[in-house]
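S.K.: Provide a 3D model corresponding to the input given below.
(2 chains)
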Amino acid sequence: MDSFNAIVQVLDSTIRLSVPLLLACLAGLYSERAGIFDIGLEGKMLVGAFAGAAAASVFHSALIGLGMAVLISVAFAMAHGFASITHRGNQIVSGVAINFVAAGSTIILGQAWFSQGGRTPALQPGERFEAIVWPGAEAVRSVPILGPIYAELISGHSILVYFAFAMVPFTWWVLFRTRFGLRMRAVGENPAAVDTAGISVAWLRYRALICTGVLTGVAGAYLSMVQNGGFVKDMTAGKGYIALAALIFAKWKPVNAMFACLLFGFLDAAAIRLQGSPLPFIGKVPVQFMQALPYILTVVLLAGFIGKAIPPRAGGVPYVKER
Amino acid sequence: MSTPYAKLPAWADYGLIPLINLSVAFIVAGFVVMLVGENPFRAAVILVEGAFGKGTGIAFTLFYATTFIFTGLSVAVAAHCSLFNIGTEGQAYIGGLGIALVCLSFDSVLPWWVIFPMAIVAAAVFGALWGFIPAYLQAKRGSHIVITTIMFNFIAASVMVYLLVGALKPAGSQAPQTRNFLAGAELPKLNWIIELFGAKIRSAPLNICFLLALVMAFLVWLLIWRTKLGYEMRTYGHSPKAARYAGISETRIIITAMMLSGALAGMMALNPVMGDQHNVAIDFVSGAGYVGIAVALMGRLHPVGIVLAAILFGMLYQGGAELAFEMPAISRDMIVIIQGLVILFAGALEHMFRPYIQALFASFSPKAVGLEAVKGKGA
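M.R.: Predicted coordinates for the structure are as follows:
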């Protein structure tokens, strides 16, 4: 029973840890499907986290915090669009730039406004998203097997967790069942064809980037307003890049993205849980190896050793109307 | 398809436009300073005075510049081959491992002038090997160099943490770093050069690596513009198709360019490790690899430009430290913003002001920009 409880706990933290990855990964999916590489997921998450926690603690409202997180994150996404769509700049360069501006400005502004060493004030109850306890969760907790699963895994998360997982089927529906999704996929594969059909490539890509901004904003808000109860400098700690890795791992598909993020979240949760204690059959695994595993897996996948990851064809190439 | 922009005089192309882009980046940074509630002009004065006002400041500025020359050259060499090496950070980190192995083995028996060349080779080889894997995967397996090098930065960080809290840490020590090197692995300082000009220097880490960096800048110029290999790299960078048609081996050129880039990145580690800290500590690169991206873009991938841009960033680092002292609201992280803005305006938005400048030039003398200028206006 103890080991079962341990498994449930690891799975529970897997869910918690994979939510920001999932949101960022789906965010990247919108922009990359539309043909815009986005290295800047990390930065957009970071500004989202900062704006969310700062606004929530100033206005004493979690919802205003979330709104602000989304707003600022979308603004950064638009800056990326301005550089890479309107001015046809290098998308990777622009993404790198956004990451730096985000990393620096969150610390500087955080220090200037709150003077707590780059932190925002700790969020009070009501300023953050609380866990939602599902009906009957406490009552069934004692039921073997199913009880803990219901009480720990399904119940007891914040609204943003459910939102993240709801975004998976929603994104699938948008991508494969709506006109916008079809056009978005087309613009990522062959923008010239979309242009010939009389649809604005730039406007489509901007809309895709708005979706990206919204989702990275929520991801950031989750980090600072659910997971942590306040902004800490550099709190994304490479999650944006892991999300990027997950996106490649998922071959740019929403449902795969969920499983990839759950896998990477599980690796993280397991690394925290094990802390260097030996595994059966394998022996002691260094924590650092577990932490590096998502990156190693992505490299191996990209090299085509486990299936082939084929990105959207027009990704990274600015669209120039034929003169 | 024709190039979208008409030609400008060379001085406008290589002087005016980068200057305008840079100014815009600094103006935006000035707004951030205002947002923090400080006077941007006073901040700029403190920054410049902190960097160049005293001998010690100059020495520190050049010390930081040394690091950025290496990383800037590293990014530029790959970029000439149209490879975006974001992995400079990780390659420098692993380069530090090579230096640590050499220094820890020989610092008690050999003098610095024997260890230094060995460390240069070790740093370059380790950095090059860390660049080799992504290059091989790009050339042979078609995986995207940007993503792979980012992943390799994280893997490098994990490897180094693993070694620094384990095998490389001296027994009984708590700090995650190697033991301090002995005198044999300490590089001579160059502060006397500045003292020749009458300035007083208390203690600054400016060391012989600065000269090495300048030599490397010259060698990179030689490589890119005066050798067959450099020509092939630039050809591949301009048009992989043309390179293939000319019989240039794609695999060879990608791997060579990335290994050279990795070697330069690895050599960056010499400056902080052997010139200043005399040990290898966790995260000693601390973002210098990423600064290299800004430096390379700002220097327009030319060694002269890179040296100048590196000195500018060295000034920002040193002046920024003084600034943080005078204006506590503006910590050193201000530089990260400036770095980001420089990358944005000198890199991604490189061509934003071009059409306007062309229009301006065209209105003065249509001949100077050719007939294309009229078309360029609308572009």
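
S.K.: so B:Val342 is in contact with B:Pro18, correct?
M.R.: No. Contact criterion Cβ atoms under 8 Å: B:Val342 and B:Pro18 do not qualify, at 10.0 Å. Heads up, the C-betas are built off the backbone N, CA and C, glycines and all.

S.K.: list the residues that contact both of these two?
M.R.: Residues touching both B:Val342 and B:Pro18 by Cβ atoms under 8 Å, 6 or more residues apart in numbering or on different chains: B:Met298.

S.K.: who has more neighbours out of the two?
M.R.: B:Val342 (28 against 20; other Cβ atoms under 10 Å in any protein chain shown).

S.K.: dump the residue contacts of the more buried one.
M.R.: B:Leu22, B:Ala25, B:Ala294, B:Leu297, B:Met298.

S.K.: do that again at 7 Å, thanks
M.R.: Applying Cβ atoms under 7 Å, 6 or more residues apart in numbering or on different chains to B:Val342 gives the contacts B:Leu22, B:Ala25, B:Ala294, B:Met298.

S.K.: where does the first one sit: helix, strand or coil?
M.R.: Okay, so that is B:Leu22. On the three-state scheme (DSSP: H, G, I helix; E, B strand; the rest coil), B:Leu22 is labelled helix.

S.K.: what ranges do the helices span in the stretch 101-250 of chain B?
M.R.: B:112-141, B:145-164, B:191-196, B:209-226, B:228-238, B:240-245, B:250-268 (DSSP state H, counting those that start in this stretch).

S.K.: worst average pLDDT in those?
M.R.: Comparing mean pLDDT over the helices of the stretch 101-250 of chain B, the weakest stretch is helix B:191-196, at a mean of 78.

S.K.: and the furthest pair within the contacts of B:Val342?
M.R.: B:Leu22 and B:Ala294 (10.5 Å; Cβ to Cβ).

S.K.: touching, A:Val133 and A:Ser155? I think so.
M.R.: Yes. If you go by Cβ atoms under 7 Å, A:Val133 and A:Ser155 touch, sitting 5.7 Å apart.

S.K.: and the two? Which one has more around it.
M.R.: Set A:Val133 next to A:Ser155 and count neighbours by other Cβ under 10 Å: A:Ser155 wins out with 18 against 12.

S.K.: so which of the contacts of B:Val342 is the closest to B:Ser173?
M.R.: Nearest member of the contacts of B:Val342 to B:Ser173, counting by Cβ to Cβ, is B:Ala294, at 35.4 Å.

S.K.: the helix or strand encompassing the closest one and chain A, any residue contact?
M.R.: Using DSSP states H and E, B:Ala294 maps to helix B:288-298. Yes. Interface with chain A: helix B:288-298 contributes B:Ile293, B:Leu297 (Cβ under 7 Å from any Cβ of the partner chain).

S.K.: counting by contacts, list what that helix packs against.
M.R.: Judged by 3 or more Cβ pairs under 7 Å, 6 or more residues apart in numbering or on different chains; DSSP states H and E, helix B:288-298 is in contact with helix B:55-80, helix B:88-106, helix B:303-326, helix B:333-342.

S.K.: by how many degrees do the second one and helix B:145-164 diverge?
M.R.: Angular relation of helix B:88-106 and helix B:145-164 on a 0 to 180 degree scale: 30 degrees, by axes from the mean of the first three to the mean of the last three Cα atoms, to 10 degrees.

S.K.: list of residues touching helix B:88-106?
M.R.: Contacting residues not belonging to helix B:88-106 are listed as B:71, B:74-75, B:115, B:118-119, B:122-123, B:125-127, B:130-131, B:152-153, B:156-157, B:160, B:163, B:168, B:178, B:181, B:184-185, B:262, B:265-270, B:273-274, B:280, B:284-285, B:288-290, B:292 [Cβ under 7 Å, 6+ apart].

S.K.: check the separation of the first and last residues in stretch B:80-97.
M.R.: Taking Cα to Cα, to the nearest Å, the first and last residues of stretch B:80-97 lie 27 Å apart.

S.K.: kindly report the same for stretch B:296-310.
M.R.: 9 Å.

S.K.: residues of it that come out buried?
M.R.: For stretch B:296-310, burial by neighbour count (16 or more other Cβ atoms under 10 Å in any protein chain shown) applies to B:296-303, B:305-310.

S.K.: around chain B, which positions in chain A sit nearby?
M.R.: For chain A, the residues in contact with chain B (Cβ under 7 Å from any Cβ) are A:83-84, A:87, A:89-90, A:92-94, A:96-97, A:100-101, A:103-105, A:107-109, A:111-112, A:238, A:241, A:244-245, A:248, A:286, A:288, A:291-292, A:295-296, A:298-299, A:302-304, A:322-323.

S.K.: just the ones of the residues you listed in helices?
M.R.: Applying DSSP state H to those, the entries found in helices are A:92-94, A:96-97, A:100-101, A:103-105, A:107-109, A:111-112, A:241, A:244-245, A:248, A:288, A:291-292, A:295-296, A:298-299, A:302.

S.K.: distance of B:Arg141 relative to chain A?
M.R.: 4 Å (Cβ to the nearest Cβ, to the nearest Å).

S.K.: once you drop chain neighbours, what's closest to that residue?
M.R.: With sequence-adjacent residues excluded and distances taken as Cβ to Cβ, 6 or more residues apart in numbering or on different chains, B:Arg141 is closest to A:Ala303, at 4.3 Å.

S.K.: what pLDDT does that neighbour get?
M.R.: pLDDT recorded at A:Ala303 is 79.

S.K.: run through the residues that contact it.
M.R.: Per Cβ under 7 Å, 6+ apart, neighbours of A:Ala303: B:Leu137, B:Arg141, B:Ser143.

S.K.: as TSV, the helices and strands packed on helix B:288-298 with mean pLDDT and distance to A:Leu223 would be great.
M.R.: Output for those, formatted as TSV (pLDDT from 0 to 100; distance: least, Cβ to Cβ, whole Å):
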stretch	mean pLDDT	distance to A:Leu223
helix B:55-80	93	30
helix B:88-106	93	23
helix B:303-326	89	27
helix B:333-342	85	19
